[in-house]
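Colleague: A structural model of the following input is requested.
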Amino acid sequence: MNYPKAVSTSEWLAARKALLAQEKQLTRQRDAMNSARRRLPMVEVEKEYVFEGPEGPTRLLDLFEGRHQLIVYHFMFEPGDAPPGKGGEPYEEGCSGCSFIADNIGHLSHLHARYTSLVLVSRASFGKIAPFKARMGWNVPWYSSFGSDFNYDFHVTTDESIAPVEYNYQDRATLERKGESYHLSGEQPGVSVFLRDDGYRIYHTYSAYGRGMDILDGTYNWLDLTPFGRQEDWEDSPPGWPQTPTHGWLRHHDKYDQTNGKSRSCCSTSQQQPVSYP
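Modeller: Below is the predicted model of the structure:
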């Protein structure tokens, strides 16, 4: 295995300071981008969405839990049994990639202190969600959107028989041209943000997909600090660095010690294809 070049302390310090200048530039660019995001216009949500949760039917307004901001992570979890030709087994667990994101959610009290709620939403029935959530040991609220237009309206379930295909602000023709056919049908990952006023009006302010959610994954960001990085084959790394296919190494956190266990990566519940990084 190749390792980074060993140098003197003075050489290392010079290289580190050069990289620090790049890091500071990136930080300033990120601050400017976040400022632009805060200034995005918003769209009023006029449709009445109803979800299923631990207390039964729940409105979108209720997901705020009295706070002014709401973040929804669109968790990939199929609502029914696997389609013919894909094993035939029932989908009793959520996407391992989305589970990876959920594992990296911190204590919600910090978000609550900034008047912000965070929930997971999937199209799977709540009866499937509840036991999987218990198995994973998560405390974040999780609701089912099954039977509503919510997933289709926010482009995290693509089904041309219901709505024109759109994912990551790209239409079907664009996705096909880019070779991203795995986004053309089925469940897709994403995050959406909502704001409510002092009354009952709700506004959609932001949605992100693909690598737009990269910053949400603390494990990846920790790994980015290390010499080997994320160890995925899309990264620009020196020859000989350890690398595996994108997301191919991910498992549900209780499966890493199961050498024969199967685990679905993001998008595999629909197309059995790898995730593409644009």
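
Colleague: Dump stretch 238-247 to PDB, restricted to CA.
Modeller: Only the C-alpha atoms of stretch 238-247 are listed here, as PDB (Å, rounded to 0.1, in the frame of the first residue of the first chain):
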ATOM      1  CA  PRO A 238      -2.900   8.800  -5.500                       C
ATOM      2  CA  PRO A 239      -2.300   5.300  -7.100                       C
ATOM      3  CA  GLY A 240      -2.500   2.500  -4.600                       C
ATOM      4  CA  TRP A 241      -4.900   4.200  -2.200                       C
ATOM      5  CA  PRO A 242      -7.700   1.900  -1.000                       C
ATOM      6  CA  GLN A 243     -10.900   2.500  -3.000                       C
ATOM      7  CA  THR A 244     -14.200   0.600  -3.400                       C
ATOM      8  CA  PRO A 245     -17.300   1.400  -5.600                       C
ATOM      9  CA  THR A 246     -19.400   4.400  -4.400                       C
ATOM     10  CA  HIS A 247     -21.600   3.400  -1.500                       C
END
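
Colleague: Which parts of the stretch 101-250 of the chain are strands?
Modeller: 116-122, 142-144, 157-158, 166-167, 170-171, 186-187, 190-196, 202-208 (DSSP state E, counting those that start in this stretch).

Colleague: Redo those as JSON lines? Include distance to Phe64, mean pLDDT and mean neighbour count.
Modeller: (Each C-beta comes from the backbone N, C-alpha and C, glycine too.) Converted to JSON lines, the strands of the stretch 101-250 of the chain look like this (distance: least, Cβ to Cβ, whole Å; pLDDT from 0 to 100; neighbours: other Cβ atoms under 10 Å):
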{"stretch": "strand 116-122", "distance to Phe64": "5", "mean pLDDT": "98", "mean neighbour count": "22"}
{"stretch": "strand 142-144", "distance to Phe64": "12", "mean pLDDT": "98", "mean neighbour count": "24"}
{"stretch": "strand 157-158", "distance to Phe64": "23", "mean pLDDT": "94", "mean neighbour count": "24"}
{"stretch": "strand 166-167", "distance to Phe64": "26", "mean pLDDT": "96", "mean neighbour count": "20"}
{"stretch": "strand 170-171", "distance to Phe64": "30", "mean pLDDT": "96", "mean neighbour count": "16"}
{"stretch": "strand 186-187", "distance to Phe64": "24", "mean pLDDT": "92", "mean neighbour count": "23"}
{"stretch": "strand 190-196", "distance to Phe64": "6", "mean pLDDT": "98", "mean neighbour count": "20"}
{"stretch": "strand 202-208", "distance to Phe64": "8", "mean pLDDT": "98", "mean neighbour count": "17"}
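
Colleague: would you list those in JSON lines and tack on distance to Trp12?
Modeller: Listed next are the strands of the stretch 101-250 of the chain as JSON lines, based on distance: least, Cβ to Cβ, whole Å:
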{"stretch": "strand 116-122", "distance to Trp12": "40"}
{"stretch": "strand 142-144", "distance to Trp12": "46"}
{"stretch": "strand 157-158", "distance to Trp12": "48"}
{"stretch": "strand 166-167", "distance to Trp12": "43"}
{"stretch": "strand 170-171", "distance to Trp12": "43"}
{"stretch": "strand 186-187", "distance to Trp12": "46"}
{"stretch": "strand 190-196", "distance to Trp12": "38"}
{"stretch": "strand 202-208", "distance to Trp12": "36"}
